[in-house]
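Visitor: Sequence first, then the predicted structure:
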Amino acid sequence: MKKLIIIFLCCITAFSINLFYGCKNDDNIDDIMSDIPQIENDQDINQQENDENKNSDQIENDNQNQTSNEVIQDNVSKLILAGYKVQSKTNLNIRAQASASSAIIGQLSEWDTIPVIEKVNDSWYKVFYNNDIAYVSANKSYIQEVAWQNAQSTLVTGLEVEALTTVNIRAQASTGSEVLGKLEKWQTVSLVEKISDQWYKVLYNGQEAYISASKDLTRVYDPEKVNAIIDKIIETGMSVLGTPYEFGATRILNYSGNLNPNFTGKTFDCSSFVQYAFYKGAGIKLQGDSRSQSKYGMLVNKSELKRGDLIFMWSSARRYNTGIERIGHVVIYIGDNKILHTWGTGGVRIQEFSSGWQERFIHARRML
């Protein structure tokens with residue numbers, strides 16, 4: 001009986017201890033503590049997943065941006081120029097979009113031209129500028145359509161690279177590159193872009209090629225702009241047809257290049273007339289005597305004369321002088337074997353560039 005009572009009491013004691021102190025069991029503490037790192041690890045995993053998602057999103061965005069840029073470039077490369085240009089009548093903004101509030105990305109000066117992609121509406125032209133799409137106003141007070149002499153459908157600047165002597169055209173921008181052809185003096189190719197101080201990328205026989213950018217070998221110019229300026233110079237000269245000749249007539253510009261307050265325009269001699277036509281017509285400042293004028297521009301042979309060239313001749317009083325001192329007369333060549341000048345009785349006039357005048361030829365200069 002005592003043994004049964006003792007066994008019963010032991011069971012009661014064990015049950016009580018387990019009831020009141022069971023939560024202090026080290027195994028249970030370890031189990032609880034082991035949950036904390038698990039929670040932290042879950043947070044790390046979530047953070048890692050978030051980071052991975054962000055990286056994935058960033059990669060996707062980068063890919064989208066890259067794709068977008070490729071699409072833009074692809075769209076540009078698929079453009080076809082309209083085959084004509086627009087020419088500014090004044091300083092005119094080039095804009096990123098067809099809106100007067102859009103960003104200004106460039107400017108056209110008076111007579112500058114730019115290739116047209118299309119006319120968007122009565123207010124805007126879509127044009128090709130700096131290898132991208134741009135817009136200029138279609139207001140006829142500011143701009144006009146002009147014929148593009150060397151029209152291209154391929155994306156080019158609208159400018160021409162002109163050879164000043166015989167120049168090689170190469171497959172790559174290197175003097176060791178294959179020679180595809182040659183440009184003879186005064187021949188031109190369309191400019192795609194200037195890639196360095198040494199090389200132009202051009203369009204040659206329908207493919208991209210390269211030509212030297214040396215100032216001794218080539219120059220870049222805008223033919224339509226040059227023609228517009230020459231037309232204005234000749235128009236200005238013809239506006240004073242019949243004005244009397246006077247040796248030593250007052251110049252519109254003095255020797256410092258400033259406007260002469262004493263100029264009246266009532267008489268001209270040959271060099272004052274040329275100075276007047278260039279300055280009044282196009283704002284180009286030339287010196288007031290033919291010998292000084294003959295030092296500027298590009299030398300042109302008699303057989304190479306183009307509209308707007310200046311021809312320098314000897315005069316009777318200077319016929320037997322030497323060097324530049326032989327020059328005593330200057331005329332403007334206006335094409336079709338005609339010259340615009342002033343000489344003796346009759347004053348400012350248009351004449352044939354006859355054999356009599358041709359035998360006086362010393363040299364010619366292209367000023368534009």
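Guide: Everything's here; your move.
Visitor: how far away is the residue positioned nearest the centre of the chain from residue 243?
Guide: Centroid-nearest residue in the chain: residue 130, 5.9 Å away (criterion: C-alpha atoms, centre = their mean). Distance of residue 130 to residue 243, given as C-beta to C-beta, to the nearest Å: 45 Å. C-betas here are computed from N, CA, C, even on glycine.
Visitor: in its sheet, what does the longest strand anywhere in the chain sit against?
Guide: Ranked by residue count and defined by DSSP state E, the top strand of the chain is strand 327-335. Its sheet considered, strand 327-335 pairs with strand 310-314 (antiparallel), strand 338-342 (antiparallel) by DSSP bridges.
Visitor: picking up where we left off before, show me the contacts for the residue nearest to the centre of the chain.
Guide: For residue 130, the contacting residues are 105, 106, by C-beta atoms under 8 Å, 6 or more residues apart in numbering.
Visitor: swap in residue 98?
Guide: 120, 121, 123, 124, 126, 135.
Visitor: Count the residues that sit near the closest residue in space to it that isn't next to it in sequence.
Guide: Nearest residue to residue 98, sequence neighbours excluded (C-beta to C-beta, 6 or more residues apart in numbering): residue 124, at 4.0 Å. Counted with other C-beta atoms under 10 Å, residues neighbouring residue 124 total 20.
Visitor: isn't residue 97 right up against residue 135?
Guide: Yes. Assessed by C-beta atoms under 8 Å, residue 97 is found in contact with residue 135 at 6.2 Å.
Visitor: For these two, indicate the residue with more neighbours.
Guide: Under the criterion of other C-beta under 10 Å, the comparison of residue 97 against residue 135 puts residue 135 first, with 23 against 13.
Visitor: Can you give me the neighbour number for residue 83?
Guide: Using other C-beta under 10 Å, residue 83 has 12 neighbouring residues.
Visitor: What score does it have for pLDDT?
Guide: What the model reports for residue 83 is a pLDDT of 95.
Visitor: May I have the residues that are in contact with the nearest residue to it once chain neighbours are set aside?
Guide: Nearest residue to residue 83 in three dimensions, chain neighbours excluded: residue 151, at 4.4 Å (C-beta to C-beta, 6+ apart). Counting by C-beta under 8 Å, 6+ apart, residue 151 makes contact with 81, 83, 84.
Visitor: Using TSV, please lay out those together with secondary structure.
Guide: As requested, the contacts of residue 151 are exported to TSV (DSSP: H, G, I helix; E, B strand; the rest coil):
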residue	secondary structure
81	coil
83	coil
84	strand
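Visitor: now those as CSV including distance to residue 357?
Guide: CSV is the format used below for these (distance: C-beta to C-beta, whole Å):
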residue, distance to residue 357
81, 42
83, 40
84, 38
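Visitor: I'd like to know which of those is nearest to residue 157.
Guide: The closest of the contacts of residue 151 to residue 157 turns out to be residue 81 (C-beta to C-beta; 10.5 Å).
Visitor: That closest one: neighbour count?
Guide: The burial count for residue 81: 20, using other C-beta under 10 Å.
Visitor: in the sheet, who's paired with the residue nearest to it when sequence neighbours are not counted?
Guide: Of all residues not flanking residue 81 in the chain, residue 115 sits nearest, at 4.8 Å (C-beta to C-beta, 6+ apart). Listed by DSSP bridges, the beta-bridge partners for residue 115 are residue 85.
Visitor: ok, residue 115 touching residue 153?
Guide: No. Using C-beta under 8 Å as the test, residue 115 is too far from residue 153 to be in contact (9.8 Å).
Visitor: what sits in contact with each of those two?
Guide: With C-beta under 8 Å, 6+ apart as the test, residue 115 and residue 153 both reach residue 81.
Visitor: and those two? which has more neighbours close in?
Guide: Set side by side, residue 115 and residue 153 show more neighbours around residue 115, with 24 against 11, by other C-beta under 10 Å.
Visitor: Please report how far the more buried one lies from residue 106.
Guide: Distance from residue 115 to residue 106, counting by C-beta to C-beta: 14 Å.
Visitor: send the alpha carbons of stretch 232-248 over as CSV?
Guide: Backbone C-alpha positions of stretch 232-248 (Å, rounded to 0.1, in the frame of the first residue of the first chain) are rendered in CSV as follows:
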residue,chain,number,x,y,z
LYS,A,232,21.0,89.4,-105.7
ILE,A,233,24.4,90.9,-106.5
ILE,A,234,23.7,91.0,-110.2
GLU,A,235,20.2,92.3,-109.6
THR,A,236,21.7,95.2,-107.5
GLY,A,237,24.2,96.0,-110.2
MET,A,238,21.5,96.0,-112.9
SER,A,239,19.4,98.4,-110.8
VAL,A,240,21.9,101.1,-111.5
LEU,A,241,22.3,100.6,-115.2
GLY,A,242,23.1,103.8,-117.0
THR,A,243,24.6,105.5,-114.0
PRO,A,244,27.5,107.6,-115.3
TYR,A,245,31.1,106.6,-115.2
GLU,A,246,33.5,108.7,-113.2
PHE,A,247,37.2,107.8,-112.6
GLY,A,248,37.8,107.8,-108.8
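Visitor: That concludes my questions; thank you for your assistance.
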